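Peer 1: Okay, here's the prediction I keep looking at, along with the sequence it came from:
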There are 2 protein chains.
Amino acid sequence: MELLDGKLVSKQIKEELKIEVESLVAKLGVAPTLAIVLVGNVEASQIYVRNKLKAAKLTGINTNLVTLPDTITTEELLKVVNELNADEAIDGIIVQLPLPKQVDEAAVINAIQTEKDVDGFGISNKGRLFCGMDAVKSATPFGIMKLLEAYHIDLTGKSAVVVGRSNIVGKPMAMMLLQENATVTICHSRTKDLGSVTKTADVLVVAIGKAKFIKADMVKDGAVVVDVGMNRDESGLCGDVDFENVAPKCSYITPVPGGVGPLTIAMLLYNTVSAFKKRHA
Amino acid sequence: MELLDGKLVSKQIKEELKIEVESLVAKLGVAPTLAIVLVGNVEASQIYVRNKLKAAKLTGINTNLVTLPDTITTEELLKVVNELNADEAIDGIIVQLPLPKQVDEAAVINAIQTEKDVDGFGISNKGRLFCGMDAVKSATPFGIMKLLEAYHIDLTGKSAVVVGRSNIVGKPMAMMLLQENATVTICHSRTKDLGSVTKTADVLVVAIGKAKFIKADMVKDGAVVVDVGMNRDESGLCGDVDFENVAPKCSYITPVPGGVGPLTIAMLLYNTVSAFKKRHA
């Protein structure tokens, strides 16, 4: 059993980006710029944003933090997004979620220009991914693809099972695995006898948010297991997979923490640099 | 074994639409209008378009056929599409495919306004379907959903296997089955040991374009089999499923012809009437 070390791969990706950004700045005289819109005072959001800002700066990416009161209306927020869309100095825009209840979250996310939607959350990028076209890919599933690639895990013809069907992880994950020629199964809360399905997986990706839900008897010997979960139980942080008992059966498995998590920010930066390069191509 | 009679269900859908259109015309004084853009002189395309025009007229839907020479450029065709987008009298627009080689097909399809894209082929409708939002659904997979519904085939928790991953059938089919809470597997040309996967299907949808490719030993006893194929072999028209040998094992199966085929035009008309209703809501 080998660990899929997301922390290490994330570090490598960020180091490569740093070198690339330096050479882009030397060549073009400007650095990629990421705008982050933070609404309100939710503590978790503030921490996430702080981590994104810090990682961007370490990579040489300029940041532009726009903080807004939690009383903002949809119209006011759309105006901010449209100004950032029009701003030639901005390459990528993310709006930290969740937004306050009075705001139409989908309208705001879909207002971000396709090319600047570096979270890949908008309908346009989802549709492009679905159609196998060039798309900005959601950071978490994209990071998982990079992690599998880093460990030379070939997906062609493999049975890949994705547990969870969210728009930001499960469904785009399924599309990315399909694009790499895996045979893909999507499971969810209504799946009957989940274990019998997960047991067929050569590659199992779990994103359901239930602590230690996937047990050893639900996993095939030699499987590659990717755990997107991040839960807190009596023993501390844990994933959706019962790591202690599942790991011995696996060929590869992600730890939690230190698996998928660190890749999300790295891929957000990757998407920002890609957007910058396309705008300056 | 019961046949899934697409011809019958299609007839019912068209009859219901006819009554609905009559009442809409009585209430609003205008009928839904479908614009069909036909480029060049490909015989198959001309036949398809003629069938669509005929079915639309029988349903009380106005049609507007725009025929264009096969020497047309992308820019000229985009101009036509944009005029139809702007035309208040047009509710739905389809551009008959394939287009001549010099035309950027994706650019043309994606130029159709989301609400008027009654084939549901554009990125925007694909993205909306992917995200589980209100979308214009591609006629063929949408027709299959209507067919399963007509026979009260519940999909929740069922194992659904889709063979084929095209943007207009396989992938949207998978998304629609997922939305109805099936556990969905997508297979394709790179799938290893296809039969062992198809054999797990409670509901098997086949769209690969290979005559009689799915044999009896690849199908579970009691399965529901939907055959999207339409091939010609020495004995005439046939599907992707070896009907003669597979049918006895099934609980339900579509014949070819008379299964999925007739539903495609019916759902195109359905989408046109829906677009009209939304515009007049």
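Peer 2: Thanks, I have it.
Peer 1: Could you list the domains of chain A?
Peer 2: According to automatic domain parsing, chain A comprises the domains A:29-117, A:139-261.
Peer 1: which of those sits most buried?
Peer 2: For the domains of chain A, average neighbour numbers computed from mean count of other C-beta atoms under 10 Å in any protein chain shown are highest in domain A:139-261, which has a mean of 21. For the C-beta atoms, the positions are set from N, CA and C on the backbone; glycine is no exception.
Peer 1: near chain B, anything from that domain?
Peer 2: Yes - for domain A:139-261, a contact with chain B is found by C-beta under 8 Å from any C-beta of the partner chain, at A:156-159, A:165, A:167, A:171, A:174-175, A:178, A:181, A:183-188, A:190-192, A:197.
Peer 1: Now do that domain: distance to the chain's middle.
Peer 2: 14 Å (C-alpha atoms, centre = their mean, to the nearest Å).
Peer 1: Please apply the same query to stretch A:249-265.
Peer 2: Mean-position distance between stretch A:249-265 and its chain equals 13 Å (C-alpha atoms, centre = their mean).
Peer 1: Same check on stretch A:257-270?
Peer 2: The chain centre lies 7 Å from the centre of stretch A:257-270; the measure is C-alpha atoms, centre = their mean.
Peer 1: Other residues contacting it?
Peer 2: A:3-7, A:9-11, A:13-14, A:17, A:34, A:51-52, A:55-56, A:59, A:61, A:92, A:94, A:118-119, A:137, A:139-140, A:142-144, A:146-147, A:226-228, A:230, A:237, A:239, A:254 (C-beta atoms under 8 Å, 6 or more residues apart in numbering or on different chains).
Peer 1: Show the residue spans covered by the strands in the stretch 101-250 of chain A.
Peer 2: Secondary structure of the stretch 101-250 of chain A (DSSP state E, counting those that start in this stretch): strands located at A:159-163, A:183-187, A:203-206, A:224-227, A:231-233, A:236-238.
Peer 1: Switch those strands over to JSON lines; also include distance to residue A:88 and mean pLDDT.
Peer 2: Output for the strands of the stretch 101-250 of chain A, formatted as JSON lines (distance: least, C-beta to C-beta, whole Å; pLDDT from 0 to 100):
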{"stretch": "strand A:159-163", "distance to residue A:88": "39", "mean pLDDT": "98"}
{"stretch": "strand A:183-187", "distance to residue A:88": "40", "mean pLDDT": "98"}
{"stretch": "strand A:203-206", "distance to residue A:88": "38", "mean pLDDT": "98"}
{"stretch": "strand A:224-227", "distance to residue A:88": "38", "mean pLDDT": "98"}
{"stretch": "strand A:231-233", "distance to residue A:88": "42", "mean pLDDT": "88"}
{"stretch": "strand A:236-238", "distance to residue A:88": "42", "mean pLDDT": "92"}
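Peer 1: now these as CSV including distance to residue B:263?
Peer 2: As requested, the strands of the stretch 101-250 of chain A are exported to CSV (distance: least, C-beta to C-beta, whole Å):
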stretch, distance to residue B:263
strand A:159-163, 29
strand A:183-187, 25
strand A:203-206, 34
strand A:224-227, 38
strand A:231-233, 44
strand A:236-238, 48
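Peer 1: what about the domains of chain A, which gets the closest to residue B:247?
Peer 2: Of all these, domain A:139-261 sits nearest to residue B:247, with 25.6 Å by C-beta to C-beta.
Peer 1: Show me where the stretch 151-281 of chain A dips below the pLDDT cut-off.
Peer 2: Scanning the stretch 151-281 of chain A for pLDDT under 70 picks out nothing.
Peer 1: Helices of that one, start to end?
Peer 2: Remark: helices assigned in the stretch 151-281 of chain A by DSSP state H, counting those that start in this stretch are A:170-179, A:194-198, A:243-246, A:261-279.
Peer 1: name the helices or strands packed onto the first one?
Peer 2: If you count contacts as 3 or more C-beta pairs under 8 Å, 6 or more residues apart in numbering or on different chains; DSSP states H and E, helix A:170-179 packs onto helix A:123-130, helix A:139-150, strand A:159-163, strand A:183-187, strand A:203-206, helix B:170-179.
Peer 1: Can you get me a residue count around the nearest residue to residue A:60 once chain neighbours are set aside?
Peer 2: With sequence-adjacent residues excluded and distances taken as C-beta to C-beta, 6 or more residues apart in numbering or on different chains, residue A:60 is closest to residue A:21, at 3.9 Å. Number of residues near residue A:21 (other C-beta atoms under 10 Å in any protein chain shown) recorded here: 21.
Peer 1: what sits against residue A:84?
Peer 2: So residue A:84 contacts A:35, A:37, A:64, A:66, A:90, A:93, A:112, A:116 (C-beta under 8 Å, 6+ apart).
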